[in-house]
Structure formats: C-alpha cells, structure tokens
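> How does the following fold in three dimensions:
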Amino acid sequence: MKKTFLAFLLIFTFIYSDETLIEIEDLKPISYENGIDILLVEGQLEEAKILLDDYSKKNSYYYNYTMGKFFYETEKKDEALKYFEEAIKYDNNVKVNLEILKIYIVNKSYKEEVEKKFAFLDTQSLNEKEKNQLDSLKETYNSIYKFRTVKVLEFGLTTNDNKDFTSSRDSEIFTTQSFGYYANKELRSGSYKLQSMISNKINFESDGTEGLFVYVGGEYMNTYKGLDYGIPLYLSYDATSDDEISLLTGLNYNRKDFFRKIIEYWSYI
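I've put the predicted structure just below:
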C-alpha cells in the first residue's frame, strides 16, 4: 500500500510540474550598463568606476547620472553634483532631481535652489517611493531651518557664606525658581542662538537680597576663514542688585583657533 501511494505521488508531481527548461542559447546577455548598475548595487565601486571610464557614450544621461551616483557613494558631493547637473541637460526627470536635492539640502548656500526643486517636484507625477523620498527630504529641510527649542524649569535651594577676597556679608540661605527658554536656528549664513531666562530668588534671611532676575537675547554665530565667532546681544534686569538694567554685546571667538591662525599667518609671511 505504501509503495503504491508513493508511485502515484511521483506520477502526479511529474504531470502537474510547472518547471520549464531553458536552453543556454536562449539566455540574454547582460548589457554593459546592467553590469555597471549591478556593481554599484553590490558596492563594488572600484570595479564600476573602471567600466565607467571605458564607457563609450560619455555625452549621455546614463553616464553622467551614474558618475554622479558613484561620486555620491564615495562622499565626493561636489563632484557628484557636477555630474547630476550635467545629466539634467539630457533628461530633467524626477530621479536625478531628487539626487540633487539630497546634496543641496545639506549646503545652506543652495537655499534658493532647494525651494525651486521642491516647487518643480510638486508638479511632477511621482510614484509612491518617490513621494516618500520627497516628503522625507522636506522634513529634513524644515528641521534644519526652523527653531529647535528647549524649555527648562529649575528649582534650587542654596546656601552662600558670602565670603570672598574683597568683601564679606552675612551668610544667607535662599531658594530660586527659574524658567529658561533656549532655541537654535540655522540661517543661510551662520546660525542664531536664542536664550532667555526668568529667575526668582526668595531669601530665608531677613537681611538677604531677593527678587527677580531676567535676561533675554541671543547670539549670532558663524565661521570666518576657519575662525568660529559669535556676536551676542543680551538685555538683563536684576532686582537683587538695585534694579540694575544692563545691555551685553561684544565679540566671542574660538581663542585657541584664533591664535593658531595668527601663528600660521606669521609663519607664512
């Protein structure tokens, strides 16, 4: 009985099998472009570059787009951008515009170009994958240029002996309640840091100082010839110091880097 059942199963499988035999001469050869694409997908960049260097149709969309992909994968964004922008001259399609956008977004000098690319792509017919990629790029772009904020609420209990080298007052115990608001925004050139805080001091000693301390303002920060610098502008009010109002501004810079630049300059001349 078991042998009969096994034979029937083998016959059934043979009759209803969907296997198709393919003759070796029927196989289509992989094109030169397919070979390059496969190497790029597999991460074999050096081998792909060898084939690209020998590619005969260099005045074409495929060559320039693929060279752009190669340089993008090798972290040479300027070179990649040059080839992508050349590819557009042959075919201004969605795919190459998305690649250009990825480079534009991380470089603040291309802010105007980014807006134009978004406007162009919003008018195109995109598939689901392209829509998701565009939405992701917009989210990244908006996160760069909007204020990133942090709100801080603090409570503290402090004791101070008020002893220093120039004066001596009675010791005091006081509590402070502070609310701080901090934000940072990337600009087309540099960035802006916003800082504000309101703090209330309550003293447990009858002769101690107490009252509000408030400051608000910010600092513009940028880099000039490798030197990090900032220009602060703050307004403060201190009720614990005879209702003192003051304005703070000036120039902050990376002192270590500043002196290194001076040494390099004098060494050069």
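
> contacts and neighbour counts: CA atoms only from here.
Fine.

> can you pull out the helices in the stretch 1-150 of the chain?
When secondary structure is read from DSSP state H, counting those that start in this stretch, the stretch 1-150 of the chain shows helices at 2-15, 32-41, 45-53, 61-73, 77-88, 94-105, 111-121, 128-145.

> Those helices: lowest mean pLDDT?
For the helices of the stretch 1-150 of the chain, mean pLDDT drops lowest on helix 2-15, to a mean of 43.

> so which of the helices of the stretch 1-150 of the chain comes closest to S189?
Closest to S189 of those, according to Cα to Cα: helix 111-121, at 10.2 Å.

> to the chain's geometric centre, what's the distance from that closest one?
Centre-to-centre, helix 111-121 and its host chain are 18 Å apart (Cα atoms, centre = their mean, to the nearest Å).

> now do stretch 242-254
32 Å.

> Among the helices of the stretch 1-150 of the chain, which comes closest to Y192?
Comparing these against Y192 with Cα to Cα, the closest turns out to be helix 128-145 (10.5 Å).

> which residue sits closest to Y90, ignoring its sequence neighbours?
The shortest distance from Y90 to any residue other than its chain neighbours is 5.2 Å, reached at Y61 (Cα to Cα, 6 or more residues apart in numbering).

> can you check E244 too?
Looking at E244 with Cα to Cα, 6+ apart, the closest residue is D238, at 5.1 Å.

> how deep is that neighbour tucked in, by neighbour count?
Residues near D238, counting by other Cα atoms under 10 Å, number 18.

> gap between it and S136?
Distance from D238 to S136, counting by Cα to Cα, to the nearest Å: 46 Å.

> likewise G217?
With the distance defined as Cα to Cα, G217 ends up 33 Å from S136.

> Looking at the two, which one has more neighbours?
Remark: of G217 and S136, G217 carries more neighbours, 17 against 12, as counted by other Cα under 10 Å.

> ok, that one - contacts?
When contacts are counted by Cα atoms under 8 Å, 6 or more residues apart in numbering, G217 touches 194-196, 232-235.

> Need the residues that contact the host helix or strand of T158.
Assigned by DSSP states H and E, T158 belongs to strand 148-160. Contacting residues not belonging to strand 148-160 are listed as 171-185 [Cα under 8 Å, 6+ apart].

> what bridges to the closest residue in space to D243 that isn't next to it in sequence?
Spatial nearest neighbour of D243, excluding adjacent residues (Cα to Cα, 6+ apart): Y237 at 6.6 Å. Using DSSP bridges, the bridge partners assigned to Y237 are V214, I245.

> OK, contacts around Y237?
Neighbour list for Y237: 212-215, 243-246 [criterion: Cα under 8 Å, 6+ apart].

> If any of the contacts of G217 are buried, give me the ChimeraX selection for them.
The buried residues among those can be selected in ChimeraX (16 or more other Cα atoms under 10 Å) with this line:
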select :194,195,196,232,233,234
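
> Identify, from the contacts of G217, the entry nearest to Q44.
Each of the contacts of G217 was scored against Q44 by Cα to Cα, and L194 proved nearest at 46.6 Å.

> Look at the nearest residue to that closest one once chain neighbours are set aside and say how many residues are nearby.
If the residues on either side of it in the chain are set aside, L194 comes closest to G218, at 4.2 Å by Cα to Cα, 6+ apart. Summarising burial for G218: neighbours were counted as other Cα under 10 Å, giving 21.

> Spit out the contact partners of L212.
Contacts were defined as Cα under 8 Å, 6+ apart; by that measure L212 touches 198-201, 237-240.

> Lowest-confidence entry in the residues you listed?
In terms of pLDDT, the weakest of the contacts of L212 is T240, which scores 76.

> you'd agree that residue is up against E210?
Yes. T240 is within contact range of E210, at 5.3 Å (criterion: Cα atoms under 8 Å).

> The two: which is more packed in?
A count of neighbours by other Cα under 10 Å puts E210 above the other of T240 and E210, at 20 against 15.
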